[in-house]
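*Asks:* task: produce atomic coordinates for the following.
(one chain, ligands or ions: 1)
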Amino acid sequence: MRQQLSILRIGHRGDGIAETADGQVFVPYSLPGEIVEVERTGDRAEIVTIIERSSDRIAPICPYFGTCGGCAVQHWKENEYRAWKRGLVIAVLANAGIEAPVGELIDAHGAGRRRAVLHARRGGREMLAVGFAGRRSHIIVPIENCPVFAPSLKRAIPVAHKVADVLDQAGKLLDLQFTAADNGLDLDVRGSGTLKPKVIARLAAIASEEKLARITRHGEMVAQIAEPFMQIGKARVMLPPGAFLQPTVQGEETLAALVIAAAGKPKSVIDLFSGIGTFSLRIAEGAKVLAVDFDSAAIAALRRAANTPGLKPVETMARDLFRRPITAPELTGYDLAVLDPPRQGAEGQAREFAKSKLGKIIYISCDPASFARDAKILSDAGWKLREVTPVDQFRYSAHIETMGVFTR
Ligand SMILES: C[S@@+](CC[C@H](N)C(=O)[O-])C[C@H]1O[C@@H](n2cnc3c(N)ncnc32)[C@H](O)[C@@H]1O
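*Replies:* Model (predicted):
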């Protein structure tokens, strides 16, 4: 249905929102103040023409913007974009009834993303498409270049072409997860099925030609030129295939610096959802740490790195914190808990914190809604959210990282 809509604001997914007699309509790539003619289906609409253009509209930096699903907001002036991202955090906290000072948004894009999952598929007439999924679709938008990538990730696209070409997979979707380790690209391939020896040999040749650190398939070794590693503070962590890393170097350094500054001088810290030790290994330069995560490969890598001379003792525990949060009695003896859960947040863990005698919690979150829900649990139990810092390491997307410090 054709309609004219006035865009009022940008929502938490980066779409413009119009209010109509029959409810909200979401219009990707529109901006507040714009009047747009759209083709509407239900509560979603595609722009046909911009009738009145916002003076805050700018040219996107990428030719694929609008078709590639990787970025949602490249067309907005920086100050307005920054205010919107910070506003996402302010809005969810206000909705949850939590009063807390929200600091200025810290831009942590730095040199760009160091991790990406590219998709590849052979389409009709055997053409190979390598790129990202389109917005709200599974169709691959082929890309030659991504301006959001750090220079260390730039070879990922040509390498993905070579690798996908070898993994002849008759129309099946391949996921190629690239990580720029400190000593080269680490690639984990998914969706290829079992690899024949001839294919493994060809992949090993690509690893060597392209100076990749490693290729794995579903975490199993295919070829290794050098064991991929990453320096975290004083420690060198050997990366498990597909390990979680903060998406930008600057994001990792910014979050780590915020955590260390907010920590003060604790003696004993528990780091939950620790991954490979982004925070644990830095905190261990001044305090002993127990690091907990359910990913046993990440925990093993962290344990190995914890032997670095000059660090305080780091204990590790592989545990599913959704099924078995660390209980209030188990938290006894720690001065500080750091947690950095996945998008679901850590509701069960927050309930245990609420009952505990802990003095301080530093909560890093990649989802403002689950952060606000957990903050409400803590606030109802007498904790105060003293500071909130929004960090933008997913520039041009609707994702936002939040660091919150709670004390009694
Ligand atoms: C956002 S990452 C943070 C990792 C780490 N703090 C970092 O900065 O690199 C979330 C971590 O939660 C872990 N995780 C996810 N679900 C979990 C669960 N149910 N129990 C324990 N850990 C879990 C993942 O393995 C991952 O390491």
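*Asks:* so Q231 makes contact with A181?
*Replies:* No: in this structure, Q231 is not within contact of A181 by C-beta atoms under 8 Å, at 10.0 Å. In short, each C-beta sits where N, CA and C put it, glycine included.
*Asks:* more neighbours: these two, which one.
*Replies:* A181 (23 against 11; other C-beta atoms under 10 Å).
*Asks:* next, that one: phi, psi?
*Replies:* Here is the backbone geometry of A181 (degrees, to the nearest 10): phi -80, psi 170.
*Asks:* my guess is it meets K211, correct?
*Replies:* No: judged on C-beta under 8 Å, A181 makes no contact with K211 at a distance of 11.9 Å.
*Asks:* now stretch 289-303, how far from the chain's geometric center?
*Replies:* Remark: stretch 289-303 is offset 19 Å from the chain centroid, using C-alpha atoms, centre = their mean, to the nearest Å.
*Asks:* hmm, I typed the wrong one, I wanted stretch 95-102.
*Replies:* With C-alpha atoms, centre = their mean, you get 23 Å for stretch 95-102.
*Asks:* and stretch 104-118, by the same measure?
*Replies:* Centroid separation for stretch 104-118 versus its chain: 9 Å, with C-alpha atoms, centre = their mean.
*Asks:* excluding sequence neighbours, find me the nearest residue to E387.
*Replies:* V405 (4.9 Å; C-beta to C-beta, 6 or more residues apart in numbering).
*Asks:* tell me the secondary structure for the one you found?
*Replies:* For V405, the assignment made with DSSP: H, G, I helix; E, B strand; the rest coil gives strand.
*Asks:* residues contacting it?
*Replies:* 262, 360-363, 385-388 (C-beta atoms under 8 Å, 6 or more residues apart in numbering).
*Asks:* now with 7 Å, please.
*Replies:* By C-beta atoms under 7 Å, 6 or more residues apart in numbering, the residues touching V405 are 262, 362, 386-387.
*Asks:* among those residues, which are in helices?
*Replies:* A262 (DSSP state H).
*Asks:* and the residue of the stretch 251-400 of the chain found nearest the ligand, what helix or strand is that in?
*Replies:* Nearest residue of the stretch 251-400 of the chain to the ligand: G275, at 2.8 Å (C-beta to the nearest ligand atom). In the assignment (DSSP states H and E), G275 maps to no helix and no strand.
*Asks:* residue ranges in the protein under the pLDDT threshold?
*Replies:* Along the chain, segments meeting pLDDT under 70 span 123-126, 169-171.
*Asks:* contacting residues for the residue nearest the centre of it?
*Replies:* Closest residue to the average C-alpha location of the chain: P247 at 5.6 Å, with C-alpha atoms, centre = their mean. By C-beta under 7 Å, 6+ apart, the residues touching P247 are 113-115, 393-394.
*Asks:* show me where the stretch 301-408 of the chain has strands.
*Replies:* Ranges of strands in the stretch 301-408 of the chain, per DSSP state E, counting those that start in this stretch, are 314-318, 336-339, 360-365, 384-392, 401-407.
*Asks:* returning to what we had before: what's the residue of the stretch 251-400 of the chain closest to the ligand in contact with, if anything?
*Replies:* 244, 293, 298.
*Asks:* now do A96
*Replies:* 372-373, 375-376.
*Asks:* how much space between it and I10?
*Replies:* Distance, A96 to I10, using C-beta to C-beta, to the nearest Å: 21 Å.
*Asks:* can you give me the helices for the stretch 151-300 of the chain?
*Replies:* 156-166, 197-209, 249-263, 280-283, 296-305 (DSSP state H, counting those that start in this stretch).
*Asks:* residues making contact with the fourth one?
*Replies:* Think helix 280-283. So helix 280-283 is contacted by 232-233, 235, 256, 260, 263, 269, 271, 274, 289, 291, 302, 305-306, 314 (C-beta under 7 Å, 6+ apart).
*Asks:* and the two most separated of those residues?
*Replies:* A263 and A305 (19.4 Å; C-beta to C-beta).
*Asks:* who's more crowded, these two?
*Replies:* When neighbours are counted by other C-beta under 10 Å, A263 and A305 differ, and A305 comes out ahead with 25 against 20.
*Asks:* hang on, isn't that one packed against A235?
*Replies:* Yes: here A305 reaches A235: they are 4.1 Å apart, a contact under C-beta atoms under 7 Å.
*Asks:* where does the stretch 51-200 of the chain get nearest to the ligand, residue-wise?
*Replies:* For the stretch 51-200 of the chain, C-beta to the nearest ligand atom, closest residue to the ligand: R115, 11.1 Å.
*Asks:* mind listing what the residue nearest to that residue when sequence neighbours are not counted touches?
*Replies:* Excluding the flanking residues, the one nearest R115 by C-beta to C-beta, 6+ apart is T179, at 5.0 Å. By C-beta under 7 Å, 6+ apart, T179 lies in contact with 114-115, 186, 239, 245.
*Asks:* show me the strands in the stretch 51-200 of the chain, by range?
*Replies:* Counting by DSSP E, counting those that start in this stretch, the strands of the stretch 51-200 of the chain are 106-107, 115-122, 128-133, 140-142, 174-181, 184-190.
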